[in-house]
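In: Predicted model follows, preceded by the sequence.
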Amino acid sequence: MSSTVKIPVPTLNKEISVSTGLFINNEFVPSVDSAEVIQCFNPATEQVIASVVAGSSKDIDVAVAAARLAFKTTWGKNVTGWERSRLMNKLADLIERDKQELAELETLNNGKPVAVARDFDIGDSIQCLRYYAGWADKITGQTIEVDNKSKMAFTRHEPIGVCGQIIPWNYPINMWAWKVAPALAVGCTIVMKPSEITPLTALKLSELVVEAGFPPGVINTVPSLGSVGGAALAAHNDVDKIAFTGSTITGRKIMEAAAKSNLKKVSLELGGKSPQLIFESADLQQAAAWAALGICYNTGQDCTAGSRIYVQDSVYDKFIDVLVSTVKETVIGDGFDNNTGGGPLISKAQFDRVWGYIDAGKAEGAKVVLGGERRNTKGYFVDPTIFTDVDSSMKIVKEEIFGPVLSIGRFKTEEEAVALANNTTYGLGAGLHSTDASQCMRVSGLLEAGTVWVNQYNILSNNVPFGGKKQSGIGRELGSYALEEYTSVKAVHWNIGEKLQWPLSF
Amino acid sequence: MPATFSHHFDTPLYNEKATIQTGLFINGVFVDGLNHSTIDVINPSTGKTITQVSEGTAKDVDRAVEAARNAFNTSWGLKVPGATRGQFLYKLATLMEESLDEIAAIESLDNGTAFGVVKGWVVPFSIGLIRYYAGWADKISGQVIETDEGRLTYTRHEPIGVVGQIIPWNAPLLMFAMKIAPALAAGNTIVIKPSELTPLSALRVCSLVQEAGFPPGVLNVVVGYGNTVGSAISSHMDIDKIAFTGSTLTGRKVMEAASKSNLKNITLELGGKSPNIIFNDADVDQAVNWACHGIFFAQGQICFAGSRIYVQSGIYDEFLAKFTARSKMHKIGDPFGADSYQGPQISSTQTERVMGYIKSGVDQGAKVHLGGQRHGEQNGNFITPTIFTNTTPDMKIVQEEIFGPVSVVIKFEDQQDVIQQANDTIYGLAAAVFTQNITQAFEVGHALKAGTVWVNCYNEVSAAVPFGGFKQSGIGREYGSYALEHYVNVKAMHINIGHKME
């Protein structure tokens, strides 16, 4: 079989073992036809932590076959909702038991602060699993009155089948939970492709899947390059549905591959360029705090990062002052340092990309009021950078940067603010800050985003749906709404008393 | 008082120790009743006293309601998120699972149902109920209703408040779980009165409620009599809703008290005289097994017992012979006996009542085809499985709920006629149809006036599937998402954004 690697975790002062094979049918196995490996880096030190097997498209075939067999025999309609609930709760308990280890592994590979990984990422993931465990025995169809004398009509909400799931590197464990939980609750089986940049915690979680008692093949984990494993899943003729979180550009490819293969169901969580509107009645101190959270949390590597802010003229200067002094307090550093609020960017590629945007902002004439200076140290650290005097034609205003880079504009009227906010092909999140209740109602109604925060930003809840309008995505995650993405509705028309004459008479 | 009761079991099926607190459970602690009186809890198998427990009275209901109201305003209700309420319920379920055998033994001792049944089904099902509702706690949502852009209109599904719950003695732990779980999940606080005949399993679970960390006052248990504690709960001016399971006679009193006091919201699960209809094309052997289960399970002390068995003439003789033979196979005896199936009736009063019905059947001219007698000691509580034939629809044994192991078997010819006979009752709790013809199953099932219809089975209940009565069998539903509707108050919010009033 394949090997494990021992990874030292600093705070716990021990080594944890991580299996480096592909997780298929509850076992870690080598690739069937490839010797490729994926190197996993620590973005704070730029050092390699470990190497894992890189799955090939043939490995995807094997995993899909395992998932299909499980769906036909031990999962899908062969397992009750109560049993699915029991297993999911067990998995949540095990993650809770191991949360410190998992947090440190997450920090090593992703860079985010350990406390954040443990208490927020993993804490939310545990609650997510428990939330969906509670849904597993509550999947109901309807009985529909057609004609009581002749028909019994009803719907069954069946699991779709084998689901391919592709997740990104910004919240590895949390994105894993968001994907697997609703799929398992409804009875689907899964082939999960974690990001090739951050596969380690997905592999560790796979061990817990075995310990929890899930039948083999229900969850399979295949680390692989997007262009290999991701593409294979999207184009696979025996995958019934694909769920993808990542860039809009890759989302298009996934949807295209789905269209060209077997018209598999598609749900997408893509990019964003989410605006926050600061109205004159807002509590500016609070608005600045939420704005700071919006662009600095996870070092701006968040699909709903509040990367554009528009401030009403009358409070513009004051707000800029408060915002700059608030954001200045942000400490970007090593995730194992207790003072760190945000870690490094995930990789060299992202680092170069973000710097490309900062340089473009300067070149296009925006004004830097904070940051914008490179560090001369190891690690992909970028300090929060704020641009003002922007206009809608600038790259930094139009395109998703995915780093701690904020653009600030201004407006006079509410209409202008809404127009500026909605002037984007994206539509993932939006925030507004105002103490005028009617304004809050009006503006939240007008903003074209899947999530609108009023006097807040970026706080999600497992029972409230999340997803994009426009080119930010298709479908919803979280809440009861996510269940629909994994459910296939069958309508049954059961004839009780109707006799048919053929040919029909008119 | 308050004290603890310890019992060392020494039986073929269980021989550990069980310990229960015997006080009332108010505001998170066990306390003596203000009257300092006690109730003797009798072992229905022997007629001997198991222990005394504190007796609650109306004044104890008052202090329980006060504790519940306080908890609702501070530490429960909308003061904690649903996910937190769910976590408490999960914890309770886990603790109950860890003490499963002990709880089952206490229940079996107190109620008389065979230990094997209580351990194998009643307690696990009760734990499952609590887990099921734990999962609902963070999923109680209202609607946003699109009207026009000038307003935001939505509903909130808020907990009602302090709920009073009164439960019977036939399946004490199950009744306890099915009442408290949806109420707590939805955010209500509770004052619950277990039956004075069977308070022990509820008291055992109260210790686990403490251990699970529920805030004090969220769940309060007041053991007492119907005409004191039950009545006080029904007519209490600061209880917002009452849920009652028991006889139709008492259900009327509860509803009346609710209407005369503060018009509190009511749900009722009452009696039944459920018909079990077996057609010629049924799988007769299966129908026999289910019919036995339907009337003899738990000594026939089930509100949805299949006590009227209608058998189509083509298979009548075969069915009756096999049903009789099968019924004779039930081992009657001590609930802790190695292969006991049927235990005692709950009390001497109930036993006499059942024997009274048997006598009325004989007096009115029905034929005792099997049984009709006490089993064992003549002043004990064991009754032989009883089958009556040659009945007429107006006989008491055909019309009235007996609540014992007494069945009437009635021959029928015609589908329309049997539907009419089956529906000819003030009750409407459950019914069953045995046939291999699916069209007949749909037609008959859909025509029966009952809250639950079983096709080719009997007694099947599930935490996720609603249950309740038509007609005088009750008001409202338990189990499933439907139960939650009875524990929330819907508030509609109309928020005007842009409409000006001239």
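Out: Perfect, thanks for sending it. Numbers count the residues shown, from 1 in each chain, chains lettered A, B, ... in the order given.

In: Now do the contacts for the residue of the stretch 401-506 of chain A found nearest chain B.
Out: At 4.2 Å from chain B, A:M441 is the closest residue in the stretch 401-506 of chain A, using C-beta to the nearest C-beta. Where C-beta positions appear, they are placed from N, C-alpha and C, glycine not excepted. By C-beta atoms under 8 Å, 6 or more residues apart in numbering or on different chains, the contact list for A:M441 reads B:L152, B:I495, B:I497.

In: Kindly recompute the last result at 10 Å.
Out: Going by C-beta atoms under 10 Å, 6 or more residues apart in numbering or on different chains, A:M441 touches A:V454, B:E149, B:G150, B:R151, B:L152, B:I495, B:N496, B:I497, B:G498.

In: burial of B:Q373, as a residue count?
Out: By the criterion of other C-beta atoms under 10 Å in any protein chain shown, B:Q373 has 12 neighbours.

In: What confidence value was assigned to the nearest residue to B:N73 once chain neighbours are set aside?
Out: In this structure, B:N73 finds its nearest non-sequential neighbour in B:K79, 7.5 Å apart by C-beta to C-beta, 6 or more residues apart in numbering or on different chains. Looking at B:K79, its pLDDT reads 96.

In: ok, B:K79 to B:I140 distance?
Out: 15 Å (C-beta to C-beta, to the nearest Å).

In: Which one of those two is surrounded by more residues?
Out: The neighbour count for B:K79 versus B:I140, taken as other C-beta under 10 Å, is higher for B:I140 (20 against 13).

In: Tell me which other helices or strands the host helix or strand of A:F387 touches.
Out: Here A:F387, judged by DSSP states H and E, is contained in strand A:385-388. Counting contacts by 3 or more C-beta pairs under 10 Å, 6 or more residues apart in numbering or on different chains; DSSP states H and E, strand A:385-388 packs against helix A:284-296, strand A:308-312, helix A:316-327, helix A:348-363, strand A:367-370, helix A:395-398, strand A:405-411.

In: Can you lay out the ones you listed as a markdown table showing mean neighbour count, mean pLDDT and distance to B:E401?
Out: Formatted as a markdown table, the helices and strands packed on strand A:385-388 follow (neighbours: other C-beta atoms under 10 Å in any protein chain shown; pLDDT from 0 to 100; distance: least, C-beta to C-beta, whole Å):
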| stretch | mean neighbour count | mean pLDDT | distance to B:E401 |
| --- | --- | --- | --- |
| helix A:284-296 | 22 | 98 | 63 |
| strand A:308-312 | 26 | 98 | 70 |
| helix A:316-327 | 18 | 98 | 71 |
| helix A:348-363 | 16 | 98 | 73 |
| strand A:367-370 | 16 | 98 | 79 |
| helix A:395-398 | 19 | 98 | 75 |
| strand A:405-411 | 24 | 98 | 73 |
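
In: Quick one: name the residues of the stretch 201-350 of chain A near chain B.
Out: By C-beta under 10 Å from any C-beta of the partner chain, no part of the stretch 201-350 of chain A sits against chain B.

In: Tell me where the stretch 201-350 of chain A is predicted with low confidence.
Out: For the stretch 201-350 of chain A, no stretch is flagged by pLDDT under 70.

In: and the residue of chain A found nearest chain B, how many neighbours does it have?
Out: In chain A, the residue that lies nearest chain B is A:G134 (2.6 Å; C-beta to the nearest C-beta). For A:G134, the tally of surrounding residues (other C-beta under 10 Å) stands at 28.

In: quick one on the thing from earlier: tell me the buried residues in the strand holding A:F387?
Out: Buried residues in strand A:385-388, counting neighbours by 16 or more other C-beta atoms under 10 Å in any protein chain shown, are found at A:T385, A:I386, A:F387, A:T388.

In: try stretch A:431-449
Out: For stretch A:431-449, a neighbour-count test (16+ other C-beta under 10 Å) marks A:431-434, A:439-444, A:446-449 as buried.

In: Need the residues you listed in TSV (columns: secondary structure, distance to A:F154 and pLDDT).
Out: Shown next, in TSV, are these (DSSP: H, G, I helix; E, B strand; the rest coil; distance: C-beta to C-beta, whole Å; pLDDT from 0 to 100):
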residue	secondary structure	distance to A:F154	pLDDT
A:G431	strand	43	98
A:L432	strand	43	98
A:H433	strand	48	98
A:S434	coil	47	98
A:Q439	helix	46	95
A:C440	helix	42	96
A:M441	helix	39	93
A:R442	helix	42	93
A:V443	helix	42	97
A:S444	helix	38	96
A:L446	helix	40	96
A:L447	coil	39	98
A:E448	coil	37	97
A:A449	coil	36	97
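
In: So B:I20 is in contact with B:I106, correct?
Out: Yes: applying C-beta atoms under 10 Å as the test, B:I20 and B:I106 come out as touching, 6.6 Å apart.

In: Return the residues of the stretch 401-506 of chain A in contact with chain B.
Out: So the stretch 401-506 of chain A meets chain B at A:437-442, A:444-446, A:461-464, A:479-480, A:494-497 (C-beta under 10 Å from any C-beta).

In: For the stretch 1-150 of chain B, which residue gets nearest to chain A?
Out: B:G135 (2.6 Å).

In: count of residues packed around that residue?
Out: B:G135 has 25 nearby residues by other C-beta under 10 Å.

In: Now do the SS call for the spatially most central residue of chain A.
Out: Nearest to the geometric centre of chain A sits A:M175, at 4.5 Å (C-alpha atoms, centre = their mean). Three-state call for A:M175 (DSSP: H, G, I helix; E, B strand; the rest coil): helix.

In: Let me see the contact set for it.
Out: Applying C-beta under 10 Å, 6+ apart to A:M175 gives the contacts A:121, A:125, A:165-169, A:192, A:194-195, A:198, A:202, A:245-246, A:269, A:477.

In: Give me the mean pLDDT for the helix or strand where B:D62 lies.
Out: Using DSSP H and E, B:D62 sits within helix B:58-74. Across helix B:58-74, pLDDT averages out at 98.
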